[in-house]
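Student: my questions are about this predicted structure, shown below with the sequence.
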Amino acid sequence: MLAPKPREQRRFQLVLIKPSHYDADGYVIQWARSSIPSNSLACVYALAMDAAERNVLGDDVAVDISAMDETNTRVKIQDIVAQLKQHDNFGMVGLIGVQSNQFPRALDIARPLREAGIQVSIGGFHVSGCIAMLKETQADLKVALDMGCSLFAGEAEDGRLDSVLRDAAAGTLRPLYNFMDELPAIEATPTPFLPPQNLKRTANHYASFDAGRGCPYQCSFCTIINVQGRKSRRRTPDDIEHLLRRHLEYGFHWFFVTDDNFARNKDWEPIFDRIIELRERDGLNIKMIIQVDTLCHKIPNFIDKAARAGVKKVFIGLENINPANLMAAKKRQNKITEYRQMLLAWKQAKVITYAGYILGFPADTPESIRDDIEIIKKELPLDILEFFCLTPLPGSEDHKVLTDKGVWMDPDMNKYDLEQVVTAHPRMSAEQWNGIYRAAWDIYYTPEHMRTIMRRAAACDLGLSHLQGLLFMFSKAVLIENLHPLQGGIWRRKYRRDRRTGMPIEPVWHFYPKAAREVARKVAFMARYWLQLERMRRAVQNDPERRSYTDAALQPADAEDATTLALFTHNESARNEVARTKRIHELTHGEREVHAQA
């Protein structure tokens, strides 16, 4: 008797896409190699792989998963339509980690897919932030719903992605999956991962992971606290070791740790201890970028262990040097009196420092911003300073307050990229605000100051070659590409037909000659500029006195700074902050010092 023929498996097609967004000309921002990997995509891909291995759609259904980050991979809609059609549209497209500025592009990707009858789900910070903070459904979310898209708010762990996949397989995706009221534990969940071919499309082949989620602070411009919560949720050291070893097997050594503030991860020390063990005992080559707050140096052993764990670069939310602006944004944890000590501690640990600086706080004017940048250049030992426009992002308290008050905000979400002015300012016109944003890069990255940055790095035994590359990218990205450096990458790609809906497709005879001229101009400029920086680096590197270089920024922080440095005396707010800090110190330490002397 013949054995029954095994039943042929159906193949569910899951296509995961992290959308990019449009430049000022309406073209998708895309590179041969992008700068920052998408951790949202890595998280969902890992969860989807786990779901497939567990046969969540049944033993007779296989799941084919593909992932693409549009910042480094072209999304070919017709190929996706053909792929799904081959399987009778048995599957779905997930638009992953969509930020506010990426939502218009997400809609443009979704529209032809929905017209082809393909199920589409959209998730990420924009959807989650709007659901969390707004009473009414925002207009662009309504567009997505009217199109027949499914919206996903919250995080996908704890079986939530399983539910979406089962509904999609049954053809019954719900309009909204709202998990904002419950933040799942991420301990022992599948760790972020993307296939090697994806990671190779990032500069330096970066991988990413979130060691934890949530932030305890209350910054009014931040969306993190309203989307990921203020309670620390974290992965275990075992989780971190597993993901590190898995990536190292494929030859990936650089990791971008996406925690908004790793210093407030309650398990930072056991995580660092485990990574130190992997580096020092097992000899594993692990290098990381982390993000921290300006008080991280007050945590015993934090900076020392960060350096031993392979932290080579650190991003610090400096935001401003005017205490009045910091208070207006509820950035109470930032103390200008701690900035120098904190930065010097990172310098001593031989870690390259990046700092974010926000332009457009209430007390800002073009003149005050110029003055503040000059103070930073002279008195703070920063390496890379990057500028952002204060932006009321959906999901932030700022956006909610302006919405409730009926204050005008630009309705075009594509502009919410932290580079463009999208609402009014009490002391600057939109033209002035835009102007000082563009000027800020040139004010900070003068040839003289870049030479100073290199000389400080050489004095502290920091690698100059890597720093040269960073200075190259951060100093001229706005001029060359009209984009923030964090949106940058290696070799810009533009496709004639990948243009924003409503903007005309340029004819071949116009698009390609213009593109060729643009590329030639950029290459010529970048080659000249690189040679200029190379000569600068060599001069600093070959200076026999380079280790003895010092300036005001490298001097040890001491009590006299309060009366001698402009950082503490340049306006009334700064002087008041110094006086307040002194009073607190006297109240909290005075009695102890008296007892110690006795």
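Tutor: That came in fine, so what should we check first?

Student: C-alpha only now, for contacts and for neighbours.
Tutor: Will do.

Student: do a quick rundown of the helices in the stretch 251-400 of the chain.
Tutor: Remark: helices assigned in the stretch 251-400 of the chain by DSSP state H, counting those that start in this stretch are 268-280, 302-308, 323-328, 336-348, 366-379, 397-405.

Student: relative to residue 436, which of those is closest?
Tutor: Closest of the helices of the stretch 251-400 of the chain to residue 436 is helix 366-379, at 5.8 Å (criterion: Cα to Cα).

Student: is residue 496 in a helix, a strand, or coil?
Tutor: Of the three states, residue 496 takes coil according to DSSP: H, G, I helix; E, B strand; the rest coil.

Student: shouldn't it be in contact with residue 513?
Tutor: No. Look at residue 496 against residue 513 with Cα atoms under 8 Å: they stay out of range, at 11.9 Å.

Student: more crowded one of those two?
Tutor: Counted by other Cα atoms under 10 Å, residue 496 and residue 513 do not tie: residue 496 has more neighbours, with 16 against 11.

Student: quick one: pLDDT of that one?
Tutor: pLDDT, the model's per-residue confidence, is 94 for residue 496.

Student: now swap in the one 10 residues further on and tell me
Tutor: If you check residue 506, the pLDDT there is 94.

Student: give the contact list for it.
Tutor: Shown in contact with residue 506 (Cα atoms under 8 Å, 6 or more residues apart in numbering): residue 496.

Student: shouldn't it be within a strand?
Tutor: No. Residue 506 sits outside any strand when classified using three-state DSSP, being coil.

Student: adding mean neighbour count, mean pLDDT and distance to residue 94, write the helices of the stretch 251-400 of the chain out as TSV.
Tutor: Listed next are these as TSV, based on neighbours: other Cα atoms under 10 Å; pLDDT from 0 to 100; distance: least, Cα to Cα, whole Å:
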stretch	mean neighbour count	mean pLDDT	distance to residue 94
helix 268-280	18	96	32
helix 302-308	19	96	36
helix 323-328	19	74	38
helix 336-348	20	88	40
helix 366-379	17	92	42
helix 397-405	16	93	26
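
Student: mind putting those in JSON lines, distance to residue 230 included?
Tutor: Putting those into JSON lines (distance: least, Cα to Cα, whole Å) gives the following:
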{"stretch": "helix 268-280", "distance to residue 230": "16"}
{"stretch": "helix 302-308", "distance to residue 230": "21"}
{"stretch": "helix 323-328", "distance to residue 230": "19"}
{"stretch": "helix 336-348", "distance to residue 230": "24"}
{"stretch": "helix 366-379", "distance to residue 230": "30"}
{"stretch": "helix 397-405", "distance to residue 230": "14"}
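
Student: and of these, who's closest to residue 249?
Tutor: Nearest to residue 249, of all the helices of the stretch 251-400 of the chain, is helix 268-280, at 13.8 Å by Cα to Cα.

Student: quick one: terminal-to-terminal distance for stretch 24-35?
Tutor: End-to-end distance for stretch 24-35: 20 Å, by Cα to Cα, to the nearest Å.

Student: tell me the buried residues in it?
Tutor: Using 16 or more other Cα atoms under 10 Å as the burial criterion, the residues of stretch 24-35 that qualify are 26-35.

Student: so where's the stretch 1-150 of the chain uncertain?
Tutor: For the stretch 1-150 of the chain, applying pLDDT under 70 flags the ranges 1-7.

Student: wait, which of the helices of the stretch 251-400 of the chain is closest to residue 174?
Tutor: Shortest distance between residue 174 and the helices of the stretch 251-400 of the chain, using Cα to Cα, is found for helix 397-405: 26.4 Å.

Student: next SSE downstream of that closest one?
Tutor: Sequence-wise, the next helix or strand downstream of helix 397-405 (DSSP states H and E) is helix 430-444.

Student: average pLDDT for that next one?
Tutor: 96.

Student: got the angle between it and helix 366-379?
Tutor: Relative orientation of helix 430-444 versus helix 366-379 (axes from the mean of the first three to the mean of the last three Cα atoms, to 10 degrees): 20 degrees.

Student: run through who's touching stretch 475-487.
Tutor: 23, 29, 34-36, 419, 438, 441-442, 445, 473-474, 488, 522.

Student: could you turn the buried ones of those into a PyMOL selection?
Tutor: In PyMOL, this line selects whichever of those come out buried by 16+ other Cα under 10 Å:
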select buried, resi 23+29+34+35+36+419+438+441+445+473+474+488
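
Student: for the contacts of stretch 475-487, give me TSV that also has distance to residue 125.
Tutor: Putting the contacts of stretch 475-487 into TSV (distance: Cα to Cα, whole Å) gives the following:
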residue	distance to residue 125
23	20
29	19
34	20
35	20
36	17
419	18
438	27
441	28
442	32
445	32
473	27
474	26
488	21
522	34
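
Student: out of the contacts of stretch 475-487, which comes closest to residue 188?
Tutor: For the contacts of stretch 475-487, the nearest to residue 188 is residue 36 (25.2 Å; Cα to Cα).

Student: was I right to think the closest one contacts residue 202?
Tutor: Yes. With contact defined as Cα under 8 Å, residue 36 reaches residue 202; the gap is 6.7 Å.

Student: between the buried residues of stretch 24-35, which is nearest residue 77?
Tutor: residue 28 (13.8 Å).

Student: residues touching the closest one, list them.
Tutor: The neighbours of residue 28, taking Cα under 8 Å, 6+ apart as the test, are 20-22, 494-495, 498-500.

Student: for it, give me phi and psi.
Tutor: When read as degrees, to the nearest 10, the backbone of residue 28 gives phi -60, psi 130.

Student: is it in a bridge, and if so with what?
Tutor: Beta-bridge partners recorded for residue 28 (DSSP bridges): residue 22.

Student: residue 273 versus that one, what's the distance?
Tutor: For residue 28, the distance to residue 273 - Cα to Cα - is 42 Å.

Student: can you select the buried ones among the contacts of residue 28 for me in PyMOL?
Tutor: Buried subset of those, written as a PyMOL selection, criterion 16+ other Cα under 10 Å:
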select buried, resi 20+21+22+494+498+499+500
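
Student: just put the contacts of residue 28 in JSON lines and tack on distance to residue 194.
Tutor: Below are the contacts of residue 28 laid out as JSON lines (distance: Cα to Cα, whole Å):
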{"residue": "20", "distance to residue 194": "17"}
{"residue": "21", "distance to residue 194": "21"}
{"residue": "22", "distance to residue 194": "24"}
{"residue": "494", "distance to residue 194": "25"}
{"residue": "495", "distance to residue 194": "25"}
{"residue": "498", "distance to residue 194": "25"}
{"residue": "499", "distance to residue 194": "27"}
{"residue": "500", "distance to residue 194": "28"}
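
Student: what is the helix or strand hosting residue 225 packed up against?
Tutor: For residue 225, the element it lies in under DSSP H and E is helix 224-227. On a contact count with 3 or more Cα pairs under 8 Å, 6 or more residues apart in numbering; DSSP states H and E, helix 224-227 meets helix 125-133.
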